[in-house]
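Visitor: for reference, the sequence and a predicted model appear below.
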Amino acid sequence: MKRISLVLAMLLLCQPTGVFAHDVPDRVDIAILIKAEHDRLRILARVPANALIDFLLPTQDYGNWVDLTNADALATEAARVWIAEVLSLRENGAALPTPRLLSVHLSRVNDPSFLTYEGALARVNGPPLPPGTLVLQEQVTVDALLEVPIRSPAADIRFQPRFGRLGVLVYTTLTYLPPDGTSQRFYYEGDPPEFSLHPTTGDSARRFFSAGLWHVLGETDYLMFALCIAMAFRLAKSLAAFAALVAGAELAALLAARLWLPAASWTPVLCGALVAAVTACAGIEAIVATRSERRGFAVVAGAVFGAAFWSALQPVVQFGGAHTLAAALAFAGGLVATQLSALAVAAVIVLLIARVSRVPRGITIVVAALVVHVSWQQMLDHVHALTLVGLPLTTRQLALSAALAAVIIVAVSWGRRPGARALRQPEYPAARLPA
């Protein structure tokens, strides 16, 4: 009897029951509109219903169609958990309270109301979907109107994204409407760091100067390049001249890329391949150790690094608000400061090795060869990735590429002349023949 009871209990436990979990969607598109008024922020948010984890809208008895007559209560609770409690805002550094949920509405995913603040507000406050509408959960969105009190609409309002776990890829379009009648639009993937919705020039400069500092430290290519250049130049004067040329070319290339470099998926991949190639060339220069000043190589390296810096800055420069130029210059300042510091540290290390080791030249060759090997492999990986991404170029982009190639050829030729003359000069004066 005990065995029969145990078997029955196990069968009851194994019976399928209603669950509130579902698969995480591959792509989630979220729309948020925030308007600053006299003493409050009004927030309109749209989130796909199938992205609301642990919440399944009720379905009709004869299929998987959403039961719109009984879905409002669950949609309201889902909006409270995954919209109101997830929104994180700060005013002048102080955390704002959880936004108050005013209204919740179900809409079709292809509804264009959230393209404007007025359209979204009218939709949330408008009539609901007719009860007889046949839609699946992945075909509807949960639209919410929220409100949070603030002290001043001119305050520094900061937003902390926290919607990244609603899907495999989460893309958010956030539009901020300050009291002055302008608008600031942000579009990002995942959860970037906290950012100001209406930053000043000083805020943008501080944020991106720090970003420039950490960008160089997070990339091994730039550090290996600095080490190889420190090994290639033993004289401080020559090293400083080379670094100045690189920094100047970086700044010029970054500003030029801001105007002409397209925002495409292949851009960072191509820049990564070029950076790896330049780093490998720096390792070869350290091994060869010619007496050339390498001015052409400095210009080419600076141009490549500047374009790569802009490709890294391009997705996040929007967080500088209307001050993209100030953000780019501050980012460049942080980059140059870190590069010069890394170059100085590398020069000290090379100097210590030269004084301590009995075979400094051998150590230089081994380290430079290792850099060449690593950089070459990285370049091949980027080239392979580039073949997968594709490289579509328009006529204008081809013309710009040809002009850039011409500039590189001229720079290399210009840089090789002093070195060639230096190599042709005799090390000792020629002896005079007797008359």
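Guide: Here it is on my side, so go on.

Visitor: strands of this protein, start to end?
Guide: 27-36, 40-48, 88-91, 94-95, 100-108, 140-149, 157-160, 169-177, 184-189, 195-196 (DSSP state E).

Visitor: those strands into TSV, with extra columns for mean pLDDT, distance to Pro131 and mean neighbour count?
Guide: (Each C-beta comes from the backbone N, C-alpha and C, glycine too.) Below are the strands of the chain laid out as TSV (pLDDT from 0 to 100; distance: least, CB to CB, whole Å; neighbours: other CB atoms under 10 Å):
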stretch	mean pLDDT	distance to Pro131	mean neighbour count
strand 27-36	94	25	20
strand 40-48	95	21	22
strand 88-91	92	36	17
strand 94-95	92	41	10
strand 100-108	93	11	18
strand 140-149	95	13	22
strand 157-160	92	36	19
strand 169-177	93	30	19
strand 184-189	91	35	14
strand 195-196	90	41	20
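
Visitor: so can I have TSV of those strands showing distance to Ala330?
Guide: Formatted as TSV, the strands of the chain follow (distance: least, CB to CB, whole Å):
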stretch	distance to Ala330
strand 27-36	25
strand 40-48	28
strand 88-91	22
strand 94-95	26
strand 100-108	37
strand 140-149	31
strand 157-160	18
strand 169-177	21
strand 184-189	18
strand 195-196	14
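
Visitor: got any ranges where the stretch 251-400 of the chain has weak pLDDT?
Guide: Applying pLDDT under 70 to the stretch 251-400 of the chain flags the ranges 290-292, 390-400.

Visitor: the helices in it, which residues?
Guide: Assigned by DSSP state H, counting those that start in this stretch, the stretch 251-400 of the chain shows helices spanning 266-288, 295-313, 324-356, 360-389, 395-424.

Visitor: packing partners of the fourth one?
Guide: Right, helix 360-389. Contacts defined by 3 or more CB pairs under 8 Å, 6 or more residues apart in numbering; DSSP states H and E place helix 360-389 against helix 220-232, helix 266-288, helix 324-356.

Visitor: list the buried residues in it.
Guide: 360, 363-365, 367-368, 371-372, 374-375, 378-379, 382 (16 or more other CB atoms under 10 Å).

Visitor: same thing with the longest one?
Guide: Neighbour counts using 16+ other CB under 10 Å place 324, 326-336, 338-340, 342-344, 346-347, 350 of helix 324-356 among the buried residues.

Visitor: got a list of what the most centrally placed residue in the chain touches?
Guide: When CA atoms, centre = their mean is applied to the chain, the residue found nearest the centroid is Pro315 (4.7 Å). For Pro315, the contact set (CB atoms under 8 Å, 6 or more residues apart in numbering) comprises Tyr188.

Visitor: buried stuff in stretch 257-264?
Guide: Here stretch 257-264 shows Ala257, Arg258, Leu261, Ala264 as buried, counting by 16+ other CB under 10 Å.

Visitor: name all residues that make contact with the first one.
Guide: The neighbours of Ala257, taking CB under 8 Å, 6+ apart as the test, are Gly306, Ala307, Trp310, Ser311.

Visitor: any chance of the residues you listed in TSV, with distance to Arg46 and neighbour count too?
Guide: Listed next are these as TSV, based on distance: CB to CB, whole Å; neighbours: other CB atoms under 10 Å:
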residue	distance to Arg46	neighbour count
Gly306	39	27
Ala307	37	23
Trp310	32	26
Ser311	31	22
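
Visitor: now, among these, which is nearest to Asp54?
Guide: Nearest to Asp54, judged by CB to CB, of the contacts of Ala257 is Ser311 at 38.6 Å.

Visitor: surely that closest one is in contact with Thr267?
Guide: Yes. Judged on CB atoms under 8 Å, Ser311 makes contact with Thr267 at a distance of 4.9 Å.

Visitor: common neighbours of those two, please.
Guide: When contacts are counted by CB under 8 Å, 6+ apart, Ser311 and Thr267 have Leu261 as shared neighbours.

Visitor: related to what we said a few turns ago, out of the strands of the chain, which is closest to Met231?
Guide: Between those, strand 184-189 lies closest to Met231; by CB to CB that is 39.2 Å.

Visitor: give me the contacts around that closest one.
Guide: With CB under 8 Å, 6+ apart, strand 184-189 has contacts from 161, 169-176, 178, 195, 197-198, 315, 318-319, 321-322.

Visitor: and the end-to-end length of stretch 309-326?
Guide: 15 Å (CA to CA, to the nearest Å).

Visitor: please disregard the earlier target; I meant stretch 106-125.
Guide: Counting by CA to CA, you get 11 Å between the two ends of stretch 106-125.

Visitor: and that stretch, which residues are buried?
Guide: Neighbour-count burial for stretch 106-125 [16+ other CB under 10 Å]: Leu106, Ser107, Asp111, Ser113, Phe114, Tyr117, Gly119, Ala120, Leu121, Arg123, Val124.

Visitor: restricted to helices, list the residues you listed.
Guide: The helices, defined by DSSP state H, take in Tyr117, Gly119, Ala120, Leu121, Arg123, Val124 from the buried residues of stretch 106-125.
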